[in-house]
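K.L.:
the following comprises the amino acid sequence and a computationally predicted model.
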Amino acid sequence: MKIGFLTDKNGYRAPLHPESIEKYSTDLYVQKDIFEFLNYQTKDEKIKNISNLNDLDIVACVENLDEDSLKKLKQGAIVIGIFDFKKIDEIKNLRPDVKVLSFFKLPRISRAQNLDALSSQANLLGYASVLRAARETSNVVPMMTTAAGNIQPSKVLILGVGVAGLQAIATAKRLGARVWGFDIRSEAKDQVESLGAKFVEASSVTQDSVYAQEVSEEENQRIQEALKKQVIDSDIVLTFAQIPGKKAPVLIEKETIKNMKENSVIVDLAAGTGGNCEGTVVDEIVDIDGVKIVGETDILNTVKHAATKLYSENVRNLIQLYLENPDDEIFVEMSS
């Protein structure tokens with residue numbers, strides 16, 4: 001069984017970390033210079049450069065597998081990655097003979113926890129996004145007491161408090177901010193308050209699902225209106241609200257942004273799926289009446305070492321389980 005590893009399209013993350021190599025009992029085939037972004041040179045004899053993708057039985061990547069590489073895979077190859085539903089369909093349409101194991105479809109059961117790449121990466125994203133906002137603001141996050149006077153702590157609002165949002169709340173609190181959070185899911189209020197933040201009551205409906213579901217246009221407008229005052233009063237807003245397989249809901253209207261304080265910052269972590277904020281531009285920073293809107297989709301790259309380390313372990317655990325029992329119900333669901 002030959003196992004290969006490819007970096008993501010920007011070369012900033014990989015499905016294999018140097019510390020994971022020794023945990024494999026077989027040769028590993030890697031894309032040339034796979035560890036270059038970590039400034040690491042390996043001399044491990046188990047590491048071989050990929051000479052032909054057609055030789056590989058299992059190919060692990062991150063979020064993307066380009067069409068040219070996909071065409072070169074052997075028939076019946078297994079592809080592992082964090083593929084969204086659109087990417088899964090693209091792969092299956094081009095190569096219906098390839099088995100796709102996407103972490104996006106990992107079942108939410110206890111024995112799959114050590115395979116949960118979405119959660120490991122989301123935790124880091126929540127942390128990194130707060131630091132990204134802190135770098136962009138011209139204010140400070142914690143309270144400052146000096147002989148010249150006091151500076152009040154920043155007000156931070158988190159919209160969408162799944163794994164990433166909750167980590168963002170925890171990070172902002174550790175930095176000394178005053179924090180508020182909102183999510184439509186019924187369990188969110190207790191989660192937000194357990195971290196010492198305040199929950200914003202902004203929806204007349206609650207959902208019991210693991211992931212947020214789409215709401216009616218009327219309900220979304222009510223949420224926008226209910227959030228308006230809190231958004232305007234915030235110094236930093238981080239938005240994580242996404243709906244699997246659908247366009248992200250717009251939670252912040254342009255008129256609301258125009259009423260925000262000058263030098264406020266919005267980091268829209270849903271930019272890649274349409275954005276939670278009107279005016280967001282993918283992979284750019286725009287300024288609307290003195291308010292910066294960060295639409296970057298590569299914030300995880302700022303913690304590339306940690307992101308690769310955690311993802312590498314998720315991939316290794318998945319491969320190990322697959323080699324032991326390829327018919328496990330976990331893989332049936334992931335490849336469905």
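P.N.:
All right, it came through fine.
K.L.:
please report phi then psi for Y322.
P.N.:
With angles defined as degrees, to the nearest 10, Y322 sits at phi -70, psi -40.
K.L.:
what does the pLDDT read for the residue lying farthest from the centre of the chain?
P.N.:
Distance from the C-alpha centroid of the chain, by Cα atoms, centre = their mean, peaks at A147 (41.5 Å). Listed pLDDT for A147 reads 95.
K.L.:
same deal with R185?
P.N.:
Reported pLDDT for R185: 86.
K.L.:
swap in R132?
P.N.:
pLDDT for R132: 97.
K.L.:
which SS class is the residue nearest the centre of the chain?
P.N.:
For the chain, A122 is the residue whose C-alpha lies nearest the centre (Cα atoms, centre = their mean; 4.2 Å). Here A122 is helix, with the state taken from DSSP: H, G, I helix; E, B strand; the rest coil.
K.L.:
residue contacts, it?
P.N.:
Contacts for A122 (Cβ atoms under 8 Å, 6 or more residues apart in numbering) come out as 162-164, 167. (Glycine included, C-beta is placed from N, CA and C.)
K.L.:
low-confidence regions, the chain specifically.
P.N.:
Per-residue confidence for the chain (pLDDT under 70) gives these ranges: 204-213.
K.L.:
give me the phi and psi for V294.
P.N.:
With angles defined as degrees, to the nearest 10, V294 sits at phi -90, psi 120.
K.L.:
that one: neighbour count?
P.N.:
Residues lying near V294 (other Cβ atoms under 10 Å) number 24.
K.L.:
for A168, give me its contacts.
P.N.:
By Cβ under 8 Å, 6+ apart, the residues touching A168 are 126-127, 129-130, 158, 238, 240.
K.L.:
now those as JSON lines including distance to A117 and secondary structure?
P.N.:
Output for the contacts of A168, formatted as JSON lines (distance: Cβ to Cβ, whole Å; DSSP: H, G, I helix; E, B strand; the rest coil):
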{"residue": "G126", "distance to A117": "15", "secondary structure": "helix"}
{"residue": "Y127", "distance to A117": "16", "secondary structure": "helix"}
{"residue": "S129", "distance to A117": "18", "secondary structure": "helix"}
{"residue": "V130", "distance to A117": "21", "secondary structure": "helix"}
{"residue": "I158", "distance to A117": "22", "secondary structure": "strand"}
{"residue": "L238", "distance to A117": "21", "secondary structure": "strand"}
{"residue": "F240", "distance to A117": "17", "secondary structure": "coil"}
